[in-house]
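> Below are the sequence and a predicted model; questions follow.
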Amino acid sequence: MTDLVDLVHRAQQELPYRFSAYEALVRMQLGGVRRLARGIVHDSDAADSIAQDVMLRVLNGLPALADAERFPAWLHRITVNVCRSHLAREAREADKRRGLNNELGADADVAPEIADSPADADQFAAMLRPLAADERTVVCLKLLQDLEFGEIAEVTGLGLSAVKMRYYRALEKIKLAMDFES
């Protein structure tokens, strides 16, 4: 952790004139951001785009980060918020497509399917499929980022009991889905 904090301090001091510490920070954190985003949105291409957006926000906001030790929680919060924005935008677009289908006389109950991708082959992504976005977020923060429930509450803005409830309900849904498939 001290290496990360030292790197964050260096990046804060260098920016906006030099980028070597920021680039090292990106190399260190990009894989985790991408995994978290992929777990939440279930789309590899979107996860790559989200990760780039997150790192751009880190570049812009890093000089103003008051406590370098809070960097991991800050980074997770940015990632979760960008994922939420992405999912909300997708939902709006899906609603528009359904509205267009209704205007054209198409079946209103037909929702556009997510195209098969390498992410669908991933067992973890398949396991998370039955979960709602907020449940996927909590599970991904717990399992992929190894955060404690208190940290997840801070990142998501939920209460501690709500985080625990979502996590355990998500695990139950996963278990039921796996039992159903067996």
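All right, it came through fine.
> what's the nearest residue to Ser20 if we skip its chain neighbours?
Once flanking residues are discounted, Ser20 sits nearest to Glu14: 6.7 Å by Cβ to Cβ, 6 or more residues apart in numbering. Bear in mind the C-beta positions are built from the backbone N, C-alpha and C, glycine included.
> surely that neighbour meets Ala21?
Yes. Counting by Cβ atoms under 8 Å, Glu14 does reach Ala21; the two are 5.1 Å apart.
> So which of the two has more stuff around it?
Using other Cβ atoms under 10 Å as the criterion, Glu14 and Ala21 rank with Ala21 on top: 19 against 16.
> correct me, but the more buried one touches Leu7?
Yes. Between Ala21 and Leu7 there is a contact under Cβ under 8 Å: 5.8 Å.
> Which stretches in this structure count as helices?
2-14, 20-41, 44-61, 71-103, 118-121, 123-128, 133-143, 149-156, 160-181 (DSSP state H).
> okay, those, which one's buried deepest?
Of these, the one with the most neighbours on average (mean count of other Cβ atoms under 10 Å) is helix 133-143, at a mean of 23.
> so who does Ala11 touch?
By Cβ atoms under 8 Å, 6 or more residues apart in numbering, the contact list for Ala11 reads Ala21, Tyr22, Ala24, Leu25, Leu62.
> Centre-most residue in this structure?
When Cα atoms, centre = their mean is applied to the chain, the residue found nearest the centroid is Ala37 (3.3 Å).
> pLDDT wise, what is that residue at?
Per-residue pLDDT puts Ala37 at 94.
> OK, contacts around it?
By Cβ under 8 Å, 6+ apart, the contact set of Ala37 is Ala46, Ala47, Ile50, Ala51, Val54, Thr79, Val82, Cys83.
> which among these gets closest to Glu93?
Glu93 lies nearest to Ala46 out of those, by Cβ to Cβ, at 12.3 Å.
> Pretty sure that closest one sits against His86.
Yes. Between Ala46 and His86 there is a contact under Cβ under 8 Å: 6.1 Å.
> Overlap of the contact sets of those two?
Common contact partners of Ala46 and His86 (Cβ under 8 Å, 6+ apart): none.
> Quick one: low-confidence residue ranges for this structure.
1, 100-122, 181-182 (pLDDT under 70).
> now do 80
Applying pLDDT under 80 to the chain flags residues 1, 95-126, 178-182.
> how about Leu65, phi and psi?
Note on Leu65: backbone dihedrals following degrees, to the nearest 10 are phi -70, psi 120.
> Phe19 now?
Here is the backbone geometry of Phe19 (degrees, to the nearest 10): phi -130, psi 10.
> Give me the neighbour count for it.
By the criterion of other Cβ under 10 Å, Phe19 has 14 neighbours.
> Relative to Tyr168, how far out is it?
Per Cβ to Cβ, to the nearest Å, Phe19 is found 42 Å from Tyr168.
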